[in-house]
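Q: pasting the sequence and the predicted coordinates here, then a few questions.
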Amino acid sequence: MQGGKGVREASYIFQELGDRFHWTAMLHCSLAVARMRMGDIKGAESSLREALTLDGSHADSLATMVSCLIHLGRHEEAEETLAKLRRLRPSHPAVLKADKMVDLFDDAVQSLTA
């Protein structure tokens, strides 16, 4: 089992909080992260879709969805989701990191062609 006992317990806690009180985008997103850590990428995607149904502009859910879609091999959807996140929250850490990686790649390519 990936993630260990603590991650499984966290997923149960998120599930219980949502069921007992009120599901929020952040609770769905947190459950998705726990599911990803346990290797349940499809379950994570389902939780993220629930989060984004509640709040289509929830930045952390969008960022986590990018990672989830990459793991599922759906790169075009990941790019579209990242573009939406970039429009909504250009200073989000996931956007900044993605932009830095693009810059590093471009620098590497340029150094090979120079």
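A: Structure received.
Q: okay, stretch 89-100 in CSV with CA atoms only?
A: The C-alpha trace of stretch 89-100 is given here as CSV (Å, rounded to 0.1, in the frame of the first residue of the first chain):
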residue,chain,number,x,y,z
ARG,A,89,-4.4,32.7,-10.2
PRO,A,90,-1.2,33.5,-12.1
SER,A,91,0.8,33.7,-8.8
HIS,A,92,-0.3,30.2,-7.6
PRO,A,93,2.8,28.1,-6.7
ALA,A,94,1.9,25.4,-9.2
VAL,A,95,1.8,28.0,-12.0
LEU,A,96,5.1,29.6,-10.9
LYS,A,97,6.7,26.1,-10.8
ALA,A,98,5.4,25.1,-14.2
ASP,A,99,6.6,28.4,-15.7
LYS,A,100,10.1,27.9,-14.1
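Q: show the average pLDDT along that stretch.
A: The pLDDT scores in stretch 89-100 average 96.
Q: name the residues of it that come out as buried.
A: Going by neighbour count (16 or more other Cβ atoms under 10 Å), the buried part of stretch 89-100 is Arg89, His92, Ala94, Val95, Ala98. C-beta coordinates here come from the backbone N, C-alpha and C atoms, glycine included.
Q: just the helices from this protein, written as ranges.
A: Here the chain has its helices, by DSSP state H, at 4-20, 25-37, 41-54, 59-71, 75-88, 93-113.
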